[in-house]
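Visitor: My questions are about this predicted structure, shown below with the sequence.
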Amino acid sequence: MRVLLALCVATLATRSLGAGFPQLSTADPLTVTLPNAGGSVVGAVDRISGAVFWKGIPYAAPPTGANRFQAPQPAAPLGNSYNATEFGPGCMAICPPEGFPKPKLLCAKTISEDCLYLNVYKPANHTTGVDAALPVVFFIHGGNYMYGSGGVMLYDGSDFAVNENLVIVTINYRLGILGGLFFGFDSPIRGNYQTQDQRFAMQWVQRNIGAFGGDPTNVLLCGQSAGAFSTATHLTSPASRGLFAKAAIVSDPFALQPMNASLGPQLAAAVTRQVGCPAPGEAGAVECMMNVSAQTILDAQAKSHYNMSFGTLLDQMMPWVPVVTGTDELPEPPLVALQAGRLASRVPVFFGTVANESVEFIYRIAEKPLPVWEYDGMVEAIFGLWKGTQALLKYGRVPPQFRHDVRPFLSVMATDYIFYCPNRWVGAGMAKVVPTYMWLFDYQATASEWMFNASMPYCVHSVCHAADLQFYFNSFRSVPPEWGVPMPTPAESNLARQMQAAWGSFLRTDSPNPIANDIVLPTFTVPPNPVINFSIPISPLQGYRDNFCDFWDRMGYNRG
């Protein structure tokens, strides 16, 4: 009965494409057999783009019960005709009533501790086994290691897959406390579950993506924000070697850095206090955390965010990061390793940031206007006494227009220190050993007010963190008209295609070139710091923020 239903769905979906869209061939059915996953999956067709998709495929066993706070385990066999037409549940995360960019775009419909699912998109006119295998984009979503899901509209890979003739994979991975709790190396709760989930999904792709028409030897590992942090982690980790051929790092907050073994238990102790369990190392602590409900853990995570008495303010900006193990899992901080050219995977890298990355972070830390007399103290709280004092001298007096609220001015400093400058610093190191290219995204989209005004009005007139995602995925094309989103202008649609084309070229040739209007982006070096500015129009840059980045390079990006 399920097979008959799948055939009916396939027939209806194919007919609904209409003229101008690629048609499914009988040699490329919606049912894909996965011998290495113990069954087959039945997908559907995206009626707007003409892509085929398979959603909600389990790549690991549910991390529940005895599997909580354990490395991911193999999934049960899929069985025949697994229904892969709907996203699986997202991992445990809070989706506020008004979130970025909009809850329906970014938040999973349902959440569960059983959440290790992935999604696959490909062009409908590609015939597996007949046409050449397609390059693969493996995308890791962001969200501060606390929020988000691969199974949401914002990361719909249909348009990208069709336009650039690629296979797109998006994934879920454990978040927050459930993804990063670390009691110590001598405890059963040893952290890095988010990293291990991602690696397990990459291994699943190596075994199975060929059945979808993808090329397992040409996988681009990429991610944004926490996903970028994750991508850098896998570049550094020998345990991830051989699972990808290229990497793209989108808005990595490199200066925040991973957890160290001494700080991790302090964070864990704040969690155990919140849920009523013994402290790490005390009798019964592990058993207690294994049995606390997932909802209780999530509630504790929300209460403790930005209020935990551990580390510095920078540590608390993104608390559930991977832990440096000193082993193949994560031998050293990616910032340190990559700047020194110690890439465990020596693959070409395409990386970049947006213009006003830290606005969101600063406004979350300081929720009310910050008067000028509090500015010096905030700078020293964020950067430490020595670096803060030097930064105050370097950036000079607060301009008059910001004296009643210094947050916009402080955001410039934070963007330099947390995002752009350490990316530049790391890029210079990577470029010594692998082909490396850098971009900047500096365009204020038409939809900014619709996206941000309700919950993040400070981003309406800034190019905020994650403002570029709608262009890579061109995801607004499928937003229901009743949502009232302003549709992209022709120039914006062209920018999205140009950005997609740069990524497609990078996948096929190890270089994003030629970019729009035959612009050639040189490999990255400092100086002259060549960057492509993804804006309207696209243009090359040299020396962007060099004066301030040279200062931060001298100060250093390590804690303290």
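Guide: Thanks, I have the structure now.

Visitor: so where's this structure uncertain?
Guide: The model of the chain has pLDDT under 70 over residues 1-29, 96-102, 304-311, 559-560.

Visitor: quick one: the lengthiest helix in it to chain centroid distance?
Guide: Criterion DSSP state H: the longest helix present in the chain is helix 490-509. Its chain's average C-alpha position is 19 Å from that of helix 490-509, according to Cα atoms, centre = their mean, to the nearest Å.

Visitor: list the buried ones in that helix?
Guide: For helix 490-509, burial by neighbour count (16 or more other Cβ atoms under 10 Å) applies to 492, 495-507. (C-beta placed from N, C-alpha, C; glycine too.)

Visitor: Of all pairs in the residues you listed, which one spans the longest distance?
Guide: E492 and L507 (23.1 Å; Cβ to Cβ).

Visitor: How are the strands of the stretch 451-560 of the chain distributed by residue range?
Guide: Secondary structure of the stretch 451-560 of the chain by DSSP state E, counting those that start in this stretch: the strands cover 530-534, 539-542.

Visitor: okay, the ones you listed, which one's buried deepest?
Guide: strand 530-534 (a mean of 23; mean count of other Cβ atoms under 10 Å).

Visitor: can you tell me which residues contact the residue most central in space within the chain?
Guide: By Cα atoms, centre = their mean, the chain has its centre lying nearest to G227, at 2.6 Å. With contacts defined as Cβ atoms under 8 Å, 6 or more residues apart in numbering, G227 is in contact with F139, I140, H141, G142, V250.

Visitor: can you rerun that using 7 Å?
Guide: Contact analysis of G227 by Cβ atoms under 7 Å, 6 or more residues apart in numbering lists I140, H141, G142.

Visitor: Can you tell me the SS state at it?
Guide: In the three-state summary, G227 is assigned as helix, counting by DSSP: H, G, I helix; E, B strand; the rest coil.

Visitor: Next, find the distance separating it from G150.
Guide: The gap separating G227 from G150 is 9 Å, by Cβ to Cβ, to the nearest Å.

Visitor: Show me whatever sits in contact with both of the two.
Guide: Counting by Cβ under 7 Å, 6+ apart, the contacts common to G227 and G150 are H141.

Visitor: Tell me the secondary structure at A381.
Guide: Classification of A381 using three-state DSSP returns helix.

Visitor: what number of residues lie near it?
Guide: 15 (other Cβ atoms under 10 Å).

Visitor: likewise the one 10 residues further on?
Guide: For A391, the tally of surrounding residues (other Cβ under 10 Å) stands at 22.

Visitor: first to last residue in stretch 337-353, what's the distance?
Guide: End-to-end distance for stretch 337-353: 20 Å, by Cα to Cα, to the nearest Å.

Visitor: got the buried residues for that stretch?
Guide: Buried residues in stretch 337-353, counted by 16+ other Cβ under 10 Å: 337-339, 342-345, 347-353.

Visitor: which ones among the residues you listed are found in helices?
Guide: Checked against DSSP H, those include these in helices: A337, L338, Q339.

Visitor: Spit out the contact partners of the first one.
Guide: By Cβ under 7 Å, 6+ apart, the contact list for A337 reads T236.

Visitor: Which stretches in the stretch 301-450 of the chain count as helices?
Guide: Applying DSSP state H, counting those that start in this stretch to the stretch 301-450 of the chain gives helices spanning 313-317, 334-339, 359-365, 375-383, 385-395, 407-414, 421-430, 448-452.

Visitor: between these, which gets nearest to T523?
Guide: Nearest to T523 among the helices of the stretch 301-450 of the chain is helix 421-430; the distance by Cβ to Cβ comes to 9.7 Å.

Visitor: hang on, the earlier thing: okay, angle between the longest helix of the chain and strand 530-534 too, please.
Guide: Put simply, helix 490-509 runs at 140 degrees to strand 530-534, going by axes from the mean of the first three to the mean of the last three Cα atoms, to 10 degrees.

Visitor: on contacts alone, who are the packing partners of helix 490-509?
Guide: Counting contacts by 3 or more Cβ pairs under 7 Å, 6 or more residues apart in numbering; DSSP states H and E, helix 490-509 packs against helix 158-164, strand 246-250, helix 469-473.

Visitor: what secondary structure does K122 sit in?
Guide: Following three-state DSSP, K122 is assigned to strand.

Visitor: Tell me the spacing between the spatially closest residue to it that is not a sequence neighbour and I536.
Guide: Closest residue to K122 apart from its sequence neighbours, by Cβ to Cβ, 6 or more residues apart in numbering: V167 at 4.7 Å. Distance of V167 to I536, given as Cβ to Cβ: 29 Å.

Visitor: Comparing those two, which shows the higher neighbour count?
Guide: Set side by side, V167 and I536 show more neighbours around V167, with 28 against 17, by other Cβ under 10 Å.

Visitor: which residues in the stretch 251-400 of the chain form strands?
Guide: 349-354.

Visitor: Please verify my assumption that D215 contacts D131.
Guide: No: D215 sits out of contact with D131 when judged by Cβ atoms under 7 Å, with a separation of 11.2 Å.

Visitor: Who has more neighbours out of the two?
Guide: Taking neighbours as other Cβ under 10 Å, D215 and D131 compare with D215 leading, 17 against 14.

Visitor: So the more buried one: helix, strand or coil?
Guide: With three-state DSSP as the basis, D215 sits in strand.

Visitor: do F53 as well
Guide: Secondary structure state of F53, per three-state DSSP, is strand.

Visitor: Is it correct that it is in contact with S158?
Guide: Yes: under the criterion of Cβ under 7 Å, F53 makes contact with S158 at 6.4 Å.

Visitor: Perfect, that will be all.
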